[in-house]
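# Have a look at this prediction, sequence included:
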Amino acid sequence: MNTTEQNLEALRDIRSMMERSSRFISLSGWSGISAGTCALIGAWFAIKRINSYYGNEYDYSTACPSCLKNDLITIATFVFIGAFITATLFTFLKSRKEGVAIWGSAARRLLWNTLLPMLTGGFLLWRMMELKEYQLIAPGCLIFYGLALVNGSKYSIGEVRYLGYAEILTGIVALWTVRSGIYYWAFGFGILHIVYGVAMWWKYERSS
């Protein structure tokens, strides 16, 4: 190996170290797949509960809209917990395999930049639920989640922003089809996550 090749190899090593220090690159494709799977399972239970309410309970004096709301919130909570646990597990395993700290400065920057839009959207959606504006909950979730991904993508692998764009677009379309919000929610948080996860696994993890 001549001097020029050695210098190029050294520059590549330096670039790799700088990228690792500035970006959290240990997001696993399996994290996206698992989160999407949890979302689809939750959507199936939610759709089943909604159909049961409007098919068997809605026209009776004993109908309980607040019970439906509470059931849907419970389902969403379990989906979030399941997706968070599985995504964190796969990310931890990938970080350990690559020898990268899971809670470094890049991870903290990523967390803050994704949490800020999500928390802001969370307060807005919470207030909308108090005002019983339920028809915009699903589009709002998708749009603010997409904004969070785009905002945090500069501290992670670049493909995250494309998932964010897709979530935002799905949420915008859902604004004009509010009666089908749960299906757009399932597509955005379920199908798109799985497609993204498979693509990331194929690109970054398949060879290993």
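The structure has been received and is ready for your questions.
# and the helix or strand hosting residue 192, what other elements does it pack with?
Secondary structure from DSSP states H and E places residue 192 in helix 192-200. Using 3 or more Cβ pairs under 8 Å, 6 or more residues apart in numbering; DSSP states H and E, the elements in contact with helix 192-200 are helix 29-52, helix 160-174. Glycine gets a C-beta too; all of them are placed from N, C-alpha and C.
# Kindly reformat the ones you listed as a markdown table containing mean neighbour count, distance to residue 198 and mean pLDDT.
Below are the helices and strands packed on helix 192-200 laid out as a markdown table (neighbours: other Cβ atoms under 10 Å; distance: least, Cβ to Cβ, whole Å; pLDDT from 0 to 100):
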| stretch | mean neighbour count | distance to residue 198 | mean pLDDT |
| --- | --- | --- | --- |
| helix 29-52 | 19 | 6 | 93 |
| helix 160-174 | 19 | 12 | 94 |
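# For residue 142, find the nearest of these.
Proximity to residue 142 (Cβ to Cβ) singles out helix 160-174 among these, at 3.1 Å.
# starting at the chain centroid, how far to that closest one?
With Cα atoms, centre = their mean, to the nearest Å as the basis, helix 160-174 stands 11 Å off its chain's centre.
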